[in-house]
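S.K.: here are the coordinates; sequence isn't available:
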């Protein structure tokens, strides 16, 4: 009985992972895709690992339970951080939002960050700073 | 002190992951804990005394199911949008403000935001958060801040501040 509950955990987790993958294909740009990838895949994978931990307990395997729960905790902490870094990097490297987007409050701040990071390097490589600014203008 | 805490934490994690008490595991665990704490001890959080405050742990335990509920809700929302034939999204990057002060609390808030309703933190600048929102709603800064951060701020303040 209890075991079947944990199998359901794993099944639901797999379903959420699948939704995340469908989102990766169907959504229009990097930012929206990162949304689907982080949310659905994080919850899905955590559910799978929780189900695994439960199964390990019913079979008296304490080590497996602790390891699965630790992995779940790590994914819960690192997955949003990774998505944040990816999206920030994508924006700063000049990738535009999807044309259907309604608002972009980050443009000014991104411009400032680009200028700050290009200024110390500008005496050594002036071309790089110029191309960065041009990209920002077209965006 | 900070260095020692980091060392103990890494060593405890190592032991939990290996789950056996043999000399080789203990020795290699100590070796790697030394390397990690020497390299990363500086960025270990400062306010260590709060780690032993049971009230914070209580609220952390309370926060987990609370957060999980919103996380599942967000997931169902995103799953629905993805499976809907028209893909109904109105994405955009909005700016919201937070009242949290410490870096650790802000990190936790940013991570919580990323895992809940259609939002993804792009950058933090002081008290401002830049958030990519899959379905932009609300007109001004206050309503949006309340919609995005208001859910978690009271709990996180009790845990981290």
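M.R.: Received the coordinates, thanks. Just so it is clear, the structure is predicted and the values come from calculations on it, not from any experiment. Residues are numbered from 1 along each chain as shown, chains lettered A, B, ... in the order given.

S.K.: for the residue at minimal distance from the centre of chain B, what are its contacts?
M.R.: Compute the mean C-alpha point of chain B, and by CA atoms, centre = their mean the closest residue is residue B:108, 2.9 Å away. Remark: with contacts taken as CB atoms under 8 Å, 6 or more residues apart in numbering or on different chains, residue B:108 is in contact with B:156, B:159, B:160. Heads up, the C-betas are built off the backbone N, CA and C, glycines and all.

S.K.: Quick check: PyMOL command selecting the buried ones in those residues.
M.R.: Buried members of the contacts of residue B:108, defined by 16 or more other CB atoms under 10 Å in any protein chain shown, are picked up in PyMOL with:
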select buried, chain B and resi 156+159+160
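
S.K.: Could you restrict the contacts of residue B:108 to the ones contacting chain A?
M.R.: Among the contacts of residue B:108, none lies close to chain A by the criterion of CB under 8 Å from any CB of the partner chain.

S.K.: Does the lengthiest helix in chain B reach chain A?
M.R.: The helix spanning the most residues in chain B, taking DSSP state H as the definition, is helix B:54-83. Yes - for helix B:54-83 and chain A, the contact criterion (CB under 8 Å from any CB) is met by B:71, B:72, B:74, B:75, B:78, B:79, B:81, B:82, B:83.

S.K.: how about the residues you listed, which pair is most distant?
M.R.: Maximum pairwise distance in the residues of helix B:54-83 next to chain A, criterion CB to CB, is 18.5 Å, between B:71 and B:83.

S.K.: Could you tell me which of the residues of helix B:54-83 next to chain A count as buried?
M.R.: B:71, B:74, B:75, B:78, B:79, B:81, B:82.

S.K.: Double-check residue A:36 against residue B:78; I have them as touching.
M.R.: Yes - the criterion here is CB atoms under 8 Å, and residue A:36 meets it with residue B:78 at 5.8 Å.

S.K.: and for those two, which residues touch both?
M.R.: Here residue A:36 and residue B:78 have A:19, A:23 as joint contacts, going by CB under 8 Å, 6+ apart.

S.K.: what residue ranges in the chain score low on pLDDT?
M.R.: I went with chain A, as the question did not name one. In the predicted model of chain A, residues A:100-103, A:105, A:118-139 satisfy pLDDT under 70.

S.K.: Switch to chain B, please.
M.R.: If you take pLDDT under 70 as the line, chain B has these spans: B:46-51, B:117, B:138-139, B:141-142, B:144, B:148, B:161.

S.K.: which residues touch the residue most central in space within chain A?
M.R.: Residue closest to the mean C-alpha point of chain A, counted by CA atoms, centre = their mean, is residue A:83 at 2.8 Å. Residue A:83 makes contact with A:34, A:37, A:38, B:114, B:120 under the criterion CB under 8 Å, 6+ apart.

S.K.: show me where chain B has strands.
M.R.: Taking DSSP state E, the strands of chain B run over residues B:92-97, B:119-125, B:128-133.

S.K.: what about the ones you listed, which gets the closest to chain A?
M.R.: strand B:92-97 (3.5 Å; CB to the nearest CB).

S.K.: Listing partners with orientation, what would you give for that closest one?
M.R.: Sheet pairing here is set by DSSP bridges, and for strand B:92-97 it gives strand A:103-104 (parallel), strand B:128-133 (antiparallel).

S.K.: quick one: the helices in chain A?
M.R.: A:2-26, A:30-58, A:62-92, A:107-121, A:126-138.

S.K.: show me the contacts for the closest residue to the residue nearest to the centre of chain A other than its chain neighbours.
M.R.: Leaving out its chain neighbours, the residue that sits closest to residue A:83 by CB to CB, 6 or more residues apart in numbering or on different chains is residue A:38, at 4.1 Å. For residue A:38, the contact set (CB under 8 Å, 6+ apart) comprises A:79, A:80, A:82, A:83, B:114, B:115, B:120.

S.K.: switch the cut-off to 7 Å
M.R.: A:79, A:80, A:83, B:114, B:115, B:120 (CB atoms under 7 Å, 6 or more residues apart in numbering or on different chains).

S.K.: That concludes my questions; thank you for your assistance.
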